[in-house]
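# The sequence and its predicted three-dimensional model are supplied below.
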Amino acid sequence: MLSEFDLIKQYFTRSRPVRAVLGVGDDCALLAPTPGMQLAVSTDMLVEGRHFFPGADARLLGHKSLAVNLSDLAAMGAAPTAFTLSLALPAADRDWLAGFSSGLFALADAHGCELVGGDTTKGPLNICITIFGEIEPGRALRRDAARAGDDIWISGTLGDARLALAAYRDELDLEAASLGQAAMRMHAPTPRVALGRALAQDALAHAALDISDGLVGDLGHILTASKVGATLDVDALPAGPVLARQPKELRRRFTVAGGDDYELCFTAPRANREAIVAAGAQSGTAVTRVGRIDEQPGLRMVDGHGEPLDLGLHGWDHFVSG
Ligand SMILES: Nc1ncnc2c1ncn2[C@@H]1O[C@H](COP(=O)(O)OP(=O)(O)O)[C@@H](O)[C@H]1O
Ligand SMILES: Cc1ncc(C[n+]2csc(CCOP(=O)(O)OP(=O)(O)O)c2C)c(N)n1
Ligand SMILES: [Mg+2]
């Protein structure tokens, strides 16, 4: 029988913290921020049945729980430093804990981000991570900083995670190989940390966020916060490789209003186009220009010929559409 404290010791305590002054095991962790840097803090919770299906692979869940939090740091341009993990578990299952912790630590190590504490309790499966990062003062990519005339950019591709969800929900048919490929976008998103850092450090972008609820909803947050509008070229949106093989109507719907994409949407002055393409190449992340910020409020969607499109789509909302 695995006790609460054995579980923490065996699966979530590693030798000595490297970045933290004091890590797992005391009432608080102690962190020593780099002098002159600002602290970036974000938290996201994953709930069984809402963010993942019951029986989801533990290793992938470990990866995704941290990935969605790293994605928020990426969206701000911050460098990850540490995180806490709060877990409600229905049982102390060794196989599940080994899988979950290995997925979690593989991604944590890839980003030099250290687990410094948390909380563990019995209950319906629920995973909450709070992440800490650092950013140069004045360099954070805030939602309220878009300016009329900016280009709108998207990292990577959109829509494959939503396509997988649709297949799981029997909203459409996907052959097994395609579902397998699309599902990896849903289960194992790649946080765009290096791109976010480059955009912030070199002051290439004005505003940014990560797309978790679908582009239309998330871009809307930038427009509201920045008091601007936008024109979005729907047919320029980069569809995921599986979605790209689907009919146009579905491609449009799932790139505009997908969900679980964890790509960056950012706005930047025209003058930075070349530097942004170079930053994308440097960080191994595709970047695509998909529209522009306007003075006129509201989001206008157009097709590849500039003709208006009324798709009637909206973002994910836990209490309205979700
Ligand atoms: N219960 C809460 N109390 C305080 N702030 C919250 C709460 N829930 C969400 N927020 C804040 O509201 C904003 C929007 O949240 P959310 O849509 O979850 O952002 P994100 O997509 O970046 O995770 C964020 O600044 C977040 O910190
Ligand atoms: C079982 C299951 N149902 C639905 C989804 C799709 N889904 C769940 S939450 C969500 C939006 C993102 O979650 P949220 O809690 O809003 O993340 P945040 O914006 O706070 O980062 C999406 C697309 C999923 N991944 N798994
Ligand atoms: Mg959130």
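Nice, I can see it. Ligands and ions are numbered 1, 2, ... in the order given.
# buried sites along the helix or strand containing Leu115?
Using DSSP states H and E, Leu115 maps to strand 114-122. The neighbour-count check on strand 114-122 (16 or more other Cβ atoms under 10 Å) flags 114-118, 120 as buried. Just so you know, the C-beta spots here come from the backbone N, C-alpha and C atoms, and that holds for glycine as well.
# How about stretch 185-205?
185-200, 203-205.
# Just the CA atoms of stretch 40-56, as CSV, please.
Provided in CSV are the C-alpha atoms of stretch 40-56 (Å, rounded to 0.1, in the frame of the first residue of the first chain):
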residue,chain,number,x,y,z
ALA,A,40,5.5,35.5,-14.6
VAL,A,41,2.9,33.2,-13.0
SER,A,42,0.1,31.2,-14.5
THR,A,43,-2.1,28.3,-13.5
ASP,A,44,-4.2,25.8,-15.4
MET,A,45,-6.3,22.8,-14.3
LEU,A,46,-7.1,19.6,-16.2
VAL,A,47,-10.3,17.8,-15.1
GLU,A,48,-11.2,14.3,-16.1
GLY,A,49,-14.2,14.2,-18.4
ARG,A,50,-13.7,17.8,-19.4
HIS,A,51,-10.1,18.2,-20.5
PHE,A,52,-9.4,14.6,-21.1
PHE,A,53,-11.3,11.3,-21.4
PRO,A,54,-11.5,8.8,-18.5
GLY,A,55,-8.7,6.3,-19.0
ALA,A,56,-6.5,8.7,-20.8
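# and for that stretch, what are the contacting residues?
Identification of contacts with stretch 40-56 by Cβ atoms under 8 Å, 6 or more residues apart in numbering yields 61, 64-65, 68-69, 72-73, 76, 78, 124-135, 140, 168, 187, 318, 322.
# need the residues of the stretch 1-150 of the chain near ligand 2, please.
Selection of the stretch 1-150 of the chain residues close to ligand 2 by Cβ under 6 Å from any ligand atom yields 44, 50-53, 68.
# Those also near ligand 1: which ones?
Within these, those near ligand 1 by Cβ under 6 Å from any ligand atom are Asp44.
# residues contacting the residue of the chain found nearest ligand 2?
The chain approaches ligand 2 most closely through Gly259 (2.6 Å), counting by Cβ to the nearest ligand atom. By Cβ under 8 Å, 6+ apart, the contact set of Gly259 is 161-162, 165, 212-214, 315-316.
# Tell me the confidence at it?
pLDDT for Gly259: 96.
# Before we go further, it is sitting in a strand, right?
No - counting by DSSP: H, G, I helix; E, B strand; the rest coil, Gly259 is not found in a strand; it is coil.
# Regarding it, what are the backbone dihedral angles?
phi 130, psi 150 (degrees, to the nearest 10).
# From ligand 1, how far out is it?
11 Å (Cβ to the nearest ligand atom, to the nearest Å).
# Which among the contacts of Gly259 count as buried?
Looks like the contacts of Gly259 have 161-162, 165, 212-214, 315-316 buried, using 16+ other Cβ under 10 Å.
# If you count neighbours, what's buried in stretch 282-302?
283, 285, 287-294, 299, 301-302.
# got any ranges where the stretch 51-200 of the chain has weak pLDDT?
Regions of the stretch 51-200 of the chain meeting the criterion pLDDT under 70 are absent.
# As a check, name the ranges of all helices in it.
58-76, 94-110, 160-168, 176-187, 193-201 (DSSP state H, counting those that start in this stretch).
# For Thr13, see how far away the nearest residue to Met186 once chain neighbours are set aside is.
Using Cβ to Cβ, 6 or more residues apart in numbering and skipping the chain neighbours, the partner closest in space to Met186 is Ala161 (3.9 Å). Using Cβ to Cβ, to the nearest Å, one gets 32 Å for the distance from Ala161 to Thr13.
# Over to Ala91?
From Ala91 to Thr13 the distance is 20 Å (Cβ to Cβ).
# ok so, going back, CSV please, covering the buried ones among the contacts of Gly259 and showing distance to Leu243.
Formatted as CSV, the buried ones among the contacts of Gly259 follow (distance: Cβ to Cβ, whole Å):
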residue, distance to Leu243
Ala161, 9
Arg162, 8
Leu165, 12
Ser212, 17
Asp213, 17
Gly214, 13
Gly315, 18
Trp316, 17
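# out of the residues you listed, who's near ligand 1?
Applying Cβ under 6 Å from any ligand atom to the buried ones among the contacts of Gly259, one finds that Ser212 fall near ligand 1.
# Pull up the residues of the chain that are close to ligand 1.
44, 72, 212.
# mind listing what the residue of the stretch 201-322 of the chain found nearest ligand 1 touches?
Nearest to ligand 1, among the residues of the stretch 201-322 of the chain, is Ser212, at 4.8 Å (Cβ to the nearest ligand atom). Listed by Cβ under 8 Å, 6+ apart, the contact set of Ser212 reads 68, 71, 218, 259-262, 316.
# repeat that for 10 Å
44, 68, 71-72, 75, 161, 189, 218, 258-263, 315-316 (Cβ atoms under 10 Å, 6 or more residues apart in numbering).
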